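*Asks:* coordinates only, sequence not included:
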């Protein structure tokens, strides 16, 4: 191939569907090519066994580029550098305008829609003269289409051994073996942070700071000096205004109660103004989004789509009791609906880690210590499906002394640890005072 650096012209694909992006500045194929320069995106395509058959027949350069990247991964166990791909294709990269998970789904949906129309049209032509042949054609063709477009993100085979081992080495070398922050360095050191593919719960009785725990993590992720990320927090219980006011006070370190009551002193008002200036000058100021979606969009699928469109690295859901399932469930079978929701959360976590708040049942209120799995409300599936279960506990004395116990109830890969957190609403802060115990 040519080694020149001129952008290969890709004409927009003419398809009769509504899945193409509304932005006329790019096509799905343009975006796919640009994502090849991002190692995580290229590896995601490889992991999903993305098929070039879903691309337009006119996209010869793109097909060759995808196949070259996959071949390189097979041989070298790592994604080729953008410079190597550019040399092979002769086309420079631009920054993608889409998220890779969203893009893959759009290309799959387009291919399924167009091919289904073709198959059904061909079968319909045969139906009057050879109905059995038409039926066999439709069934076999649609089965092949389903196999081609089915997500493979959950699949690994022996061919992935070297790739996974090299990914481990690269992750350790890059110092990125820890996920996004739970809000405190001490906690992250013990349970590894929020990682893609994992669902974490924070569980407590009502008015025990669950929302604050989610917000603390989201603020730390958005402002982290080493591993910042785009955090999307779905405030389903409180309005986005209330949650955003909490965020401003936490980020600036001013008195939240005074802010709510409209009595901030001159010093706090000065701090808020300075914080605004810093945010206005910060290119990463949009790293935190707080959303209060309408009832119709409070399914895991709806929240996931919103997060994908906004390029989320981590999503937070406050809280589980306000999430709905897309599957019809009788009103008296809420536990079954929660099971479906947890299944959907496990699926969505393949795109980003999920941190979600839930509640202990009423029995936990009478305990003199942190509750266990048996006291989680709504459904046993929470304990069964979650990767990390974090709990909150506070008795009357702790409440008076502004102390909160926070820690691991159960986790798939980590030991049980507990910390005591000091609560200071004069500066809207939650700081670990001590490590309480290990188990």
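*Replies:* Looks like it arrived, so ask away. Values in this document were obtained by computation on a predicted structure and should not be read as measured data.

*Asks:* all helices of the stretch 301-439 of the chain, in order?
*Replies:* For the stretch 301-439 of the chain, the helices defined by DSSP state H, counting those that start in this stretch cover 334-348, 381-385, 396-400.

*Asks:* Residues contacting the second one, please?
*Replies:* I take that to be helix 381-385. Contact with helix 381-385 is made by 199, 201, 203, 320, 335, 338-339, 342-343, 345-346, 358, 373, 376, 389, 410, as judged by Cβ atoms under 8 Å, 6 or more residues apart in numbering. No exception for glycine: its C-beta is placed from N, CA and C like everyone else's.

*Asks:* Tell me the one among these nearest to residue 143.
*Replies:* residue 343 (24.4 Å; Cβ to Cβ).

*Asks:* follow-up on the earlier one: top of the contacts of helix 381-385 by neighbour count?
*Replies:* residue 203 (29 neighbours; other Cβ atoms under 10 Å).

*Asks:* Bridged to the residue nearest to residue 434 when sequence neighbours are not counted, which residues?
*Replies:* The shortest distance from residue 434 to any residue other than its chain neighbours is 5.0 Å, reached at residue 420 (Cβ to Cβ, 6 or more residues apart in numbering). Judged by DSSP bridges, the bridge partners of residue 420 are residue 405, residue 434.

*Asks:* and residue 420, how many neighbours?
*Replies:* Neighbour count for residue 420, taken as other Cβ under 10 Å: 17.

*Asks:* likewise residue 100?
*Replies:* With neighbours defined by other Cβ under 10 Å, the count for residue 100 comes to 22.

*Asks:* and it, what does it touch?
*Replies:* Contacts were defined as Cβ under 8 Å, 6+ apart; by that measure residue 100 touches 35, 38, 40, 41, 44, 45.

*Asks:* got it, and residue 398?
*Replies:* 404, 405.

*Asks:* how close does it get to residue 209?
*Replies:* Between residue 398 and residue 209 the distance, using Cβ to Cβ, to the nearest Å, works out to 11 Å.

*Asks:* and for those two, which residues touch both?
*Replies:* Common contacts of residue 398 and residue 209, defined by Cβ under 8 Å, 6+ apart, comprise residue 404.

*Asks:* Closest to the centroid, which residue in the protein?
*Replies:* residue 352 (2.4 Å; Cα atoms, centre = their mean).

*Asks:* How much space separates residue 296 from residue 237?
*Replies:* Looking at residue 296 against residue 237, where the rule is Cβ to Cβ, the gap reads 17 Å.

*Asks:* Neighbour count for these two, which is higher?
*Replies:* Per other Cβ under 10 Å, whichever of residue 296 and residue 237 has more neighbours is residue 237, with 15 against 8.

*Asks:* list the buried ones in the host helix or strand of residue 110?
*Replies:* Per DSSP states H and E, residue 110 falls inside helix 100-127. Within helix 100-127, the residues that qualify as buried are 100-108, 110-112, 114-115, 119-120, 123, 126-127, counting by 16 or more other Cβ atoms under 10 Å.

*Asks:* Please name every helix or strand in contact with whatever helix or strand comes next after that helix.
*Replies:* Beyond helix 100-127 in the direction of the C-terminus, DSSP H and E gives the next helix or strand as helix 131-149. In terms of contacts (3 or more Cβ pairs under 8 Å, 6 or more residues apart in numbering; DSSP states H and E), helix 131-149 is packed against helix 100-127.

*Asks:* So what's the gap between the helix it packs on and the chain middle?
*Replies:* Taking the mean C-alpha point of helix 100-127 and that of its whole chain, the gap between them comes to 27 Å (Cα atoms, centre = their mean, to the nearest Å).

*Asks:* how much does that helix deviate in direction from helix 334-348?
*Replies:* With axes from the mean of the first three to the mean of the last three Cα atoms, to 10 degrees applied, the angle from helix 100-127 to helix 334-348 works out at 100 degrees.

*Asks:* Just want the angle from helix 100-127 to helix 131-149.
*Replies:* Between helix 100-127 and helix 131-149, the angle formed by their directions is 170 degrees, by the same axes, to 10 degrees.

*Asks:* Which residue ranges make up each domain of the chain?
*Replies:* Each structural domain of the chain that the record assigns through automatic domain parsing is listed here as a residue range: 28-166, 185-438.

*Asks:* residues making contact with stretch 357-364?
*Replies:* Contact partners of stretch 357-364, identified using Cβ under 8 Å, 6+ apart, comprise 201-206, 210-211, 213-214, 317-321, 371, 375-378, 382, 391.

*Asks:* mind listing which of these are in strands?
*Replies:* Assignment to strands by DSSP state E places the following of those there: 201, 202, 203, 204, 317, 318, 391.

*Asks:* can these go into a markdown table with extra columns for pLDDT and distance to residue 269?
*Replies:* Formatted as a markdown table, the entries for the ones in strands among the contacts of stretch 357-364 read as follows, by pLDDT from 0 to 100; distance: Cβ to Cβ, whole Å:
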| residue | pLDDT | distance to residue 269 |
| --- | --- | --- |
| 201 | 95 | 37 |
| 202 | 96 | 32 |
| 203 | 94 | 37 |
| 204 | 92 | 33 |
| 317 | 98 | 33 |
| 318 | 95 | 28 |
| 391 | 94 | 37 |
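
*Asks:* Among those residues, which one lies nearest to residue 265?
*Replies:* For residue 265, the nearest member of those is residue 318. The distance, counting by Cβ to Cβ, is 29.7 Å.

*Asks:* so who does that closest one touch?
*Replies:* By Cβ under 8 Å, 6+ apart, the contact list for residue 318 reads 210, 211, 214, 233, 234, 235, 236, 237, 238, 243, 356, 357.

*Asks:* Now, of these, which are buried?
*Replies:* By the neighbour-count criterion of 16+ other Cβ under 10 Å, the contacts of residue 318 include these buried positions: 210, 211, 214, 233, 234, 235, 236, 238, 243, 356, 357.

*Asks:* Narrow these to those in helices?
*Replies:* Filtering the buried ones among the contacts of residue 318 for membership in helices, criterion DSSP state H, returns 210, 211, 214, 243.

*Asks:* Can you convert those residues into JSON lines and add a column each for distance to residue 276 and pLDDT?
*Replies:* As requested, these are exported to JSON lines (distance: Cβ to Cβ, whole Å; pLDDT from 0 to 100):
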{"residue": "210", "distance to residue 276": "28", "pLDDT": "95"}
{"residue": "211", "distance to residue 276": "23", "pLDDT": "96"}
{"residue": "214", "distance to residue 276": "23", "pLDDT": "97"}
{"residue": "243", "distance to residue 276": "18", "pLDDT": "95"}
